[in-house]
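> the following block contains a protein sequence and its predicted model.
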Amino acid sequence: MDYYILANPHAGHGHGQQVTEQLTAYLSQQQITYHLFNTHQPFDEPRLVIEILAEKTADDRLIIIGGDGTISLAVNALPADQAFSYIPAGSGNDFARGLKVSLQETIETFDNIHKATPQTIYVLKYESEDLSGLATNNFGIGLDAAIVEATNQSLTKGLLNTLKLGQLAYLITALRIILFKKPFQVTVNGVTFAKTFLFTLTKHPFFGGGVPLAPNASLMATDIHLVEVDRIHLLRIFALIPKVLKAKHLAHPNVHHLVNQTFELEIDSDQPVQIDGEVHHLNAHQKLRVTTEKRTILK
């Protein structure tokens, strides 16, 4: 049995390189054969998945090293029957948190993988006229998508990234979006929310680097969790934030939590959509269906 490693050395501001070097040194020491495939540019993962599958046999194992973006791109490119393992090396690592995989102990994580038996997990599957794929973390419409889109377009982000203050760019943009983002209407499974501010579908609890948005969600279950937050007065929004951080927000009258195995939705205006940290767009009155897809993991 050989190990095929798909690694993003740039994940987590270079943490991916450190994790990869630590793992490959250990594999060499243990005389375990491995084949390393490093990404060299953004969105390189699908190409590397094709290369790996052309070489890999049924007895070999695949390990993905990187952040939430890396695992999302890789899983989207993998056939549904292809098992994989994951060692986190990103900044947020929400998927790893959802899997209850250590964020720090690379060798311990590999040892668990090495002796693991296959387990079934469920990821989000979304389908519309112009937008389809899988989400390993979240599918968000509204606030989070607007923040990601505005930050990526901001000149400030480039400057602050150069100064290694990239998170400050997100904070500055988030404050501006919170102040000025207009609500939108979404109808989901026959229920209409008229003043939606944040709308997120997820398969595990975490959001934005460990925030417990849907505390009872699980990758091991087929249920999808929907969390919707109404547009409310600014002071009430800021008062809600500590409740979110403490996982106490679902009882709030302006927070709605639905659990189902399928969601069908339609929005009344064009909106940015955040899917595992990448921004897309959903047109007004375009129907979207979200279900789950079964995947196999060794962890």
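Great, that's in hand. Note that the coordinates shown come from a computational prediction; the quantities given were computed from them, not determined experimentally.
> scan this protein for its longest strand.
Longest strand of the chain, by residue count under DSSP state E: strand 191-202.
> pLDDT averaged over the following helix or strand past it - what is it?
Following strand 191-202 in sequence order, the next helix or strand is strand 206-207 (DSSP states H and E). Mean pLDDT, computed over strand 206-207, is 90.
> tell me the helix or strand right after strand 206-207.
The helix or strand immediately downstream of strand 206-207 is strand 211-212, counting by DSSP H and E.
> after that following strand, which helix or strand is next?
Counting by DSSP H and E, what follows strand 211-212 is strand 224-230.
> now do the buried residues in the helix or strand just after that following strand.
Later in the chain than strand 224-230, the nearest helix or strand by DSSP H and E is helix 234-245. By 16 or more other Cβ atoms under 10 Å, the buried positions in helix 234-245 come out as 237, 240, 244. C-beta coordinates here come from the backbone N, C-alpha and C atoms, glycine included.
> and which of those is nearest to residue 23?
Nearest to residue 23 among the buried residues of helix 234-245 is residue 244, at 34.5 Å by Cβ to Cβ.
> just for the protein, where's the confidence low?
Where the chain drops to pLDDT under 70, the residues are 151-174.
> find the centremost residue of this structure, please.
Using Cα atoms, centre = their mean, the residue of the chain that lies closest to the mean C-alpha position is residue 137, 3.0 Å off.
> that one touches residue 205, doesn't it?
No - contact between residue 137 and residue 205 fails when scored by Cβ atoms under 8 Å: they sit 10.7 Å apart.
> overlap of the contact sets of those two?
Common contacts of residue 137 and residue 205 (Cβ atoms under 8 Å, 6 or more residues apart in numbering): residue 98.
> related to what we said a few turns ago, starting from the longest strand of the chain, tell me which strands it pairs with and how they run.
For strand 191-202, the paired strands and their directions (DSSP bridges) read strand 138-142 (antiparallel), strand 184-188 (antiparallel), strand 224-230 (antiparallel).
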